[in-house]
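Visitor: using only what follows, build the 3D model:
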Amino acid sequence: MTHARGNRGWAATMLAAILMMLAASIAAPAQGFKTLVDFTGTSGGYSYSSLAQGVDGSLYGTTDIGGLGGTVFKMTPAGNLATVYEFCAKPGCTDGLAPKAGVNQIVDGNFYGTTYYGGAYGYGTVFKLTPDGGLARCTASISPPTAPGRWRVSYRAGTAICTG
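Guide: Numbers count the residues shown, from 1 in each chain. As a prediction, the model looks like this:
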């Protein structure tokens, strides 16, 4: 008799395991994926970085193209897109070109980022952007390396961190 009870215990364990596997194999409802924005080229394109959430709840990012030399954009969680700033690609523009990295909003409420090209030396810029799209005049230009791996950042105004 004890042998029969042992077999029943084993059978119950196997049945429970099979039922758990069957329950796990039932397809869960699909998670929804929804495209919020399709960039058109004029509104921007080639966004290489992740989005940053601003204190206003909107999502901020950059595009490599759009406008003349790339954009900083703002998007609501519902997908409403607005251009915050368009970089200049014309000769003599010192604000930069092609912001391949994203922007970060820090404690002072402003957004900071970098561009890949442009600026006074052509090697890109570090920029400060106000939430309403004003580019601070303390944009830094990245100059050619003085030695392998040593880049200099020179500021047109301000100190090591843009303050004005």
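
Visitor: CA atoms for contacts and neighbours, from now on please.
Guide: Fine.

Visitor: quick one: Ala16 is in a helix?
Guide: Yes: per DSSP: H, G, I helix; E, B strand; the rest coil, Ala16 lies within a helix segment.

Visitor: where does the residue most central in space within the chain land on pLDDT?
Guide: Centroid-nearest residue in the chain: Ser50, 2.2 Å away (criterion: Cα atoms, centre = their mean). Turning to Ser50, the model gives it a pLDDT of 88.

Visitor: that one touches Gly102, doesn't it?
Guide: Yes: between Ser50 and Gly102 a contact is recorded at 6.5 Å, counting by Cα atoms under 8 Å.

Visitor: and for the two, which residues touch both?
Guide: Gly61 (Cα atoms under 8 Å, 6 or more residues apart in numbering).

Visitor: doesn't Gly9 lie inside a strand?
Guide: No: looking at Gly9 with three-state DSSP, it is helix, so not inside a strand.

Visitor: run a quick neighbour tally on it.
Guide: Other residues near Gly9 come to 11 when the count uses other Cα atoms under 10 Å.

Visitor: measure it to Asp132 for me?
Guide: 70 Å (Cα to Cα, to the nearest Å).

Visitor: please apply the same query to Gly96.
Guide: 18 Å.

Visitor: these two: which has the busier surroundings?
Guide: With neighbours defined as other Cα under 10 Å, Gly96 and Asp132 compare such that Gly96 has more, 31 against 9.

Visitor: apart from its neighbours in sequence, what residue is nearest that one?
Guide: In space, and not counting its chain neighbours, Gly96 is closest to Gly118: 4.1 Å by Cα to Cα, 6 or more residues apart in numbering.

Visitor: also Pro77?
Guide: Closest residue to Pro77 apart from its sequence neighbours, by Cα to Cα, 6+ apart: Ser58 at 6.4 Å.
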